[in-house]
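> sharing a sequence plus its predicted fold:
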Amino acid sequence: METVVGKVLMLGNNVDTDQIYPGRYLSLVDPKEIATHCLEDVDKNIAKTFRDGDIIVAGKNFGCGSSREHAPIALKNMGVSLIIAESFARIFYRNSLNIGLPLMICKKMTKSLNNDDYISVNLKKGELLITSTG
């Protein structure tokens, strides 16, 4: 996958692993079932309305908190094709790379994007293009 195209879901700063995947569901083991609870404490409808291939754009310190691997597993299985953030928590970054969830650090672009924008990202070149605004 060299180029990713999708709709943007904007999240803020310091989105922690408990917001990404609530600890009350840690007993679940099926990745598809895990995905149904992804980001539900941010908005209970995100997992229901998120489309396969969409892109999360966030602020600073995305994935902070515990070292639980459930957070990137939930995101990947919810259909996230890429997460762009100003910065990532180190353990979340490592866990995401371990399961093949693409991440991109982009400090300035996050201020130029809005919910429902469509973007195209060439992962090989590190180029991001806003294709339409929401």
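Structure received.
> assign residue 53 to helix, strand or coil.
Recorded secondary structure, residue 53: coil (DSSP: H, G, I helix; E, B strand; the rest coil).
> look at the nearest residue to residue 16 once chain neighbours are set aside and report its pLDDT.
Distance criterion Cβ to Cβ, 6 or more residues apart in numbering; nearest residue to residue 16, sequence neighbours excluded, is residue 65 at 3.4 Å. (Each C-beta comes from the backbone N, C-alpha and C, glycine too.) Residue 65 is assigned a pLDDT of 93 by the prediction.
> do you know how far residue 65 is from residue 41?
12 Å (Cβ to Cβ, to the nearest Å).
> how far away from the center of its chain is the one helix or strand in the chain whose mean pLDDT sits lowest?
Within the chain, confidence by mean pLDDT, DSSP states H and E is lowest for strand 127-132 among all helices and strands, at a mean of 88. The chain centre lies 17 Å from the centre of strand 127-132; the measure is Cα atoms, centre = their mean, to the nearest Å.
> buried residues in that strand?
Under the neighbour-count criterion of 16 or more other Cβ atoms under 10 Å, strand 127-132 has residue 128 buried.
> let me know the outermost residue of the chain.
Distance from the C-alpha centroid of the chain, by Cα atoms, centre = their mean, peaks at residue 27 (22.0 Å).
> quick check, pLDDT for that residue.
Residue 27 is given a pLDDT of 95.
> cool, residue 134 as well?
You'll see residue 134 listed with a pLDDT of 65.
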